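> For reference, the sequence and a predicted model appear below.
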Amino acid sequence: MLKIENIHCEVDGNPILKGFSLTVNPGEVHAIMGPNGAGKSTLARVIAGHPLYEVTSGKIVFEGEEVLGSDPEERARRGIFMSFQYPLEIEGISNLDFLRHAYNAVSKENLSADDFRKKIAPILVEMKIKESFLDRDLNGGFSGGEKKRNEILQMAVLSPKCAILDETDSGLDIDALRIVAEGVNRFRRKDRSLVLITHYQRLLDYVKPDFVHVMRDGKIIQSGGPELALQLEEKGYERI
């Protein structure tokens with residue numbers, strides 16, 4: 001589904017990704033771990049198409065088609081989703097309007113606000129989110145846990161083929177982590193894939209990955225199964 005081949009990327013002339021490669025097949029969950037500054041968040045943004053990151057060489061192929069020349073919105077329409085480590089607060093745009101316009105743009109439907117509310121009502125129930133949540137400004141005054149749950153709500157509504165989750169567990173207490181993990185697990189299907197970027201093992205206690213990769217200095221230096229995350233938790237990154 002997603003094939004990243006020897007990507008090199010820089011920002012303002014500073015190299016960040018230095019030959020990163022990864023293949024993600026449908027149905028697979030890949031966890032990418034690594035210390036601060038390893039390039040994990042940069043990787044997520046490059047896949048999503050952030051314009052500040054200049055890819056100097058390599059390829060990103062999604063479902064057999066090169067996407068590096070595509071705008072972020074085109075990648076989203078094709079089925080690539082990214083959740084942010086630090087979701088933005090946007091005043092004046094309600095959660096409902098944001099979700100509805102995003103859904104209509106990706107699905108090419110034209111649901112009214114009332115029809116959209118009815119459509120996503122079951123998702124709100126599953127995620128234990130009150131309907132009043134929709135009428136608040138996008139992430140406006142949300143706690144850290146509410147922002148992350150909102151990201152997973154967006155993923156559930158948009159139903160992408162490949163989701164890149166950038167430190168979704170960051171700043172969550174144990175109850176919020178469980179709710180977010182439940183949303184991630186409901187997303188899992190044989191025709192979808194997930195890339196989880198995280199520092200810690202605790203998310204992987206709830207969302208079991210098929211593969212774990214250790215990233216350092218802009219590339220993968222070690223790969224393994226779920227047991228690799230346990231080794232990292234026990235020994236730290238310096239031992240790898």
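Everything's here; your move.
> Is Asn6 part of a helix or strand, or is it coil?
strand (DSSP: H, G, I helix; E, B strand; the rest coil).
> Could you check what's spatially nearest to it, not counting adjacent residues?
Closest residue in space to Asn6, ignoring its immediate chain neighbours: Gly58 at 4.5 Å, by CB to CB, 6 or more residues apart in numbering. (C-beta placed from N, C-alpha, C; glycine too.)
> helix, strand or coil for that neighbour?
Here Gly58 is recorded as strand under three-state DSSP.
> What residues sit buried inside stretch 68-86?
70, 75-85 (16 or more other CB atoms under 10 Å).
> do the same with stretch 92-106
Buried residues in stretch 92-106, defined by neighbour count with 16+ other CB under 10 Å: 94-100, 103, 106.
> now for those, which pair is the farthest apart?
Greatest spatial distance in those: Ser94 and Val106, 18.4 Å, computed using CB to CB.
> hey, where'd the helices end up in the chain?
40-48, 72-78, 95-107, 113-126, 144-158, 174-187, 226-235 (DSSP state H).
> Excluding covalently adjacent residues, which one is nearest to Asp175?
That would be Gly145: by CB to CB, 6+ apart, it lies 7.9 Å from Asp175.
> Tell me where the model's unsure across the protein.
Low-confidence segments of the chain (pLDDT under 70): 239-240.
> what separates the residue nearest the centre of the chain from Phe84, distance-wise?
Here the mean C-alpha position of the chain is nearest to the C-alpha of Leu165 (CA atoms, centre = their mean), at a distance of 2.1 Å. Noted for Leu165: a distance of 9 Å to Phe84, by CB to CB, to the nearest Å.
> Gly225 now?
Counting by CB to CB, the gap from Gly225 to Phe84 is 28 Å.
> can you check Val207 too?
18 Å.
> okay, now His199: neighbour count?
When neighbours are counted by other CB atoms under 10 Å, His199 registers 17.
> Please disregard the earlier target; I meant Thr42.
Other residues close to Thr42 by other CB under 10 Å number 22.
> Val29 now?
23.
> returning to what we had before: wait, which of the buried residues of stretch 68-86 is closest to Ala44?
Met82 (5.6 Å).
> what's across from the closest one in the sheet?
Ile164 (DSSP bridges).
> Surely it is in contact with Ser41?
No. Met82 is beyond contact range of Ser41, at 10.1 Å (criterion: CB atoms under 8 Å).
> still on that earlier bit, residues touching the residue nearest to the centre of the chain, list them.
82-83, 151, 155, 184, 194-197 (CB atoms under 8 Å, 6 or more residues apart in numbering).
> Distance check, it against Ile120.
20 Å.
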